[in-house]
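Colleague: have a look at this prediction, sequence included:
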Amino acid sequence: MATRFTKSMARNIFFGGSLFFFLLFLALTFDTNQKLPKRDNSQNLTASVIHGKKLWETNNCIGCHTLLGEGAYFAPELGNVYKRRGPDFIKAWIKSQPTGVPGRRQMPQFNFTEQELNDLVEFLKYTSEINTNNWPPNIEG
Amino acid sequence: MQYQSQAVAKPYFIAAIALFVGQIIFGLIMGLQYVMGDFLFPEIPFNVARMVHTNLLIVWLLFGFMGATYYLIPEESETELFSPKLAIITFWVFLAAGVATVLGYLLVPYASLAKFTGNDLLATMGREFLEQPLPTKVGIVVVVLSFIFNVVMTMLKGRKTAISLVLVLGLVGLAVFFLFSFYNPHNLVKDKYYWWWVVHLWVEGVWELILGAILAFVLIKVTGVDREVVEKWLYVIITMTLITGIIGTGHHYYWIGAPAYWQVWGSVFSALEPIPFFMLTIFAFNMVNKRRREHPNKAATLWALGTGVMAFLGAGVWGFMHTLAPVNYYTHGTQLTAAHGHMAFYGAYAMVVLTIISYAMPILRGRAANSNKAQVVEMWSFWLMTVAMVFITLFLTAAGVLQTWLQRISTTPMSFMATQDSVAIFYWMREVSGVVFLIGLIVYITSFFIKGETKAS
């Protein structure tokens, strides 16, 4: 019965295996953090971008839109919207909401100041310059 | 009921079911907004409905996990709960916090909610699934810690089984990884990177430990199979879960700014993630086939088997479908993600909570099992909800495949909204399936009120 697979063997494999792969994950995370500065566009994290990110969060934009493919799937991807539409269109679009067209999906009016609109656009510009391994596949997001 | 203190599980289960109803109602609202864009606008904009839908899901599952734990820990430890009073206090705290948070979402503009609740002190809000105001997040930590304290103290004074050890490991992991929700760096890439330490390491990591432990407990009870066999299976399954799932986090790191090597790590390891779910299915059917007793609660056995199958399909198969980097490049952030999310959450987590409720609730109400009549109704609800979820998933998959084609692969890509209009028929069919799901849920609740001949426990 030397080959019998017992519960305590299973337990030991569980603890050993999980620990090993968690440490491997930490090592990969460490390496990722070393490599990020070349990819994450953090040199452009200005005060304006930081404020834009906060506006992005406190208005729950992720509740309808995706950003780099993550979020809700109700409204367009915004990770590359700066490249798709440009700064002026983005501001004009936000200002003109909601469209009120019957039956169409509606975006709320957030009453942003001009400064806030600029900060949001700066945030979207910063996001569009992150190295995402060429995602999304085309400009439509 | 073997131990008096197991009774604290009951309010947890009732709250879980009540919040489940809320979740489904908001799901139907969102589903309708997909095709009638201005439905309930501006009273309940889509983003608010979605927050309520996903946050209620998380909260009701947590209520379910806690109720399950309070039910099974005294029985596993063969001793009364350390403090039933603490369990009841945390129940009310958690319920009040949950209800207040949802009301906050519904009644206050999100930006104002952020301002009033101290988001300027520590900005944690406005990230998917982690939308809760700071006080709610702190409340979750306090409640979960006091809950774990109560459970560990109970275990320490009694028998220590593999099931309770795995369960507690899962709960501790849940608490530890939730702490990353307080880390929100300005750097968007790092923000996203560690956001997944909550989201992925919960649902494809430590939550699976909780799932496995609950399922193992119910299977021992309804089949009478030897504990040694069940617990060995449990260890093997969760070993595979963590071996594949931890590095499998990499499948979220393909396109968010992390190094390209994650495409290899993530693809290889997440391709293996269906294995533990497949083993879970084999496990459940094996135990039921080898059963040594005929437990009168047939409905609980059905839920347990259903959990295995649906978790494998939803998490395993539908996850695998779009997890390889070359596929995910085209499908990332489409309705395919939504399809996978729906069936995986229902199949793995909603169903395991319904399994333990199905097993434990009759006992908490003083009988081994419900009357045959009540069980038949409950089994109808099983099929209604499960089949409805299969169709929701299929329709979202169809929408997702078309969306991927029209918007991402086609040589003349269409815009997001033009694509949405083209796939609207599938959103309508999804909404009809959603209504069937709600009917199933109503039938489920009805089953609790059906009398009839019952056996004493």
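Modeller: Nice, thanks for sending it over.

Colleague: got the contact list for B:L40?
Modeller: B:29, B:33, B:49 (Cβ atoms under 8 Å, 6 or more residues apart in numbering or on different chains). In this view, the C-beta of every residue, glycine as well, is placed from N, C-alpha and C.

Colleague: so B:L441 is in which element?
Modeller: In this structure, B:L441 sits in helix B:424-447 according to DSSP states H and E.

Colleague: one step back: the contacts of B:L40 also near chain A: which ones?
Modeller: Restricting the contacts of B:L40 to those touching chain A (Cβ under 8 Å from any Cβ of the partner chain) yields B:Q33.

Colleague: TSV for the contacts of B:L40, including secondary structure, neighbour count and distance to B:L396?
Modeller: Listed next are the contacts of B:L40 as TSV, based on DSSP: H, G, I helix; E, B strand; the rest coil; neighbours: other Cβ atoms under 10 Å in any protein chain shown; distance: Cβ to Cβ, whole Å:
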residue	secondary structure	neighbour count	distance to B:L396
B:I29	helix	19	17
B:Q33	helix	24	15
B:A49	helix	25	17
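
Colleague: can you lay out the contacts of B:L40 as TSV showing pLDDT?
Modeller: Shown next, in TSV, are the contacts of B:L40 (pLDDT from 0 to 100):
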residue	pLDDT
B:I29	98
B:Q33	98
B:A49	98
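
Colleague: and the strands in chain A?
Modeller: A:66-67, A:70-71 (DSSP state E).

Colleague: near chain A, which residues of the stretch 51-200 of chain B show up?
Modeller: Residues of the stretch 51-200 of chain B lying near chain A (Cβ under 8 Å from any Cβ): B:51, B:110-111, B:114-115, B:119, B:123, B:125-128, B:131, B:162, B:184, B:186-190, B:192-193.

Colleague: just the buried ones among these, please.
Modeller: Buried residues within these, defined by neighbour count using 16 or more other Cβ atoms under 10 Å in any protein chain shown: B:51, B:110-111, B:114, B:119, B:123, B:125-128, B:131, B:162, B:184, B:186-190, B:192-193.

Colleague: the closest residue to A:N138 other than its chain neighbours: what's it in contact with?
Modeller: Leaving aside its sequence neighbours, A:N138 sits nearest to B:P413 (Cβ to Cβ, 6 or more residues apart in numbering or on different chains; 4.9 Å). By Cβ under 8 Å, 6+ apart, the residues touching B:P413 are A:138-140, B:406-407.

Colleague: if we can go back for a sec, among the strands of chain A, which comes closest to chain B?
Modeller: With Cβ to the nearest Cβ as the measure, strand A:66-67 is the member of the strands of chain A nearest chain B (4.4 Å).

Colleague: average model confidence for the closest one?
Modeller: The average pLDDT within strand A:66-67 is 98.

Colleague: do the same with stretch B:406-425
Modeller: 97.

Colleague: same check on stretch B:128-145?
Modeller: For stretch B:128-145, the per-residue pLDDT averages 97.

Colleague: cool, stretch B:261-274 as well?
Modeller: Computed over stretch B:261-274, the average pLDDT equals 98.

Colleague: what residues sit buried inside it?
Modeller: B:262-263, B:265-271, B:273-274.

Colleague: of those residues, list those near chain A.
Modeller: B:262-263, B:265.

Colleague: roughly how far apart are the residue most central in space within chain B and chain A?
Modeller: The structure's chain B has its C-alpha centroid closest to B:Y349; by Cα atoms, centre = their mean the separation is 3.5 Å. Noted for B:Y349: a distance of 20 Å to chain A, by Cβ to the nearest Cβ, to the nearest Å.

Colleague: thought that residue was touching B:L211?
Modeller: Yes - counting by Cβ atoms under 8 Å, B:Y349 touches B:L211, with 6.7 Å between them.

Colleague: so B:T323 sits in a strand?
Modeller: No - judged by DSSP: H, G, I helix; E, B strand; the rest coil, B:T323 forms no part of a strand; its state is coil.

Colleague: contact partners for B:G31?
Modeller: Per Cβ under 8 Å, 6+ apart, neighbours of B:G31: B:427, B:430-431, B:434.

Colleague: between those residues, which is nearest B:I148?
Modeller: B:G434 (35.4 Å; Cβ to Cβ).

Colleague: what distance separates stretch B:258-266 from the centre of its chain?
Modeller: Distance, stretch centre to chain centre, for stretch B:258-266: 27 Å (Cα atoms, centre = their mean, to the nearest Å).

Colleague: if we can go back for a sec, looking at the buried ones among the residues of the stretch 51-200 of chain B next to chain A, which are in helices?
Modeller: B:51, B:110-111, B:114, B:162, B:188-190, B:192-193 (DSSP state H).

Colleague: can you name the two of these that are farthest apart?
Modeller: B:A111 and B:A162 (48.1 Å).

Colleague: and stretch A:89-98, how far out from the chain's middle?
Modeller: For stretch A:89-98, the distance to the chain centre is 21 Å (Cα atoms, centre = their mean).
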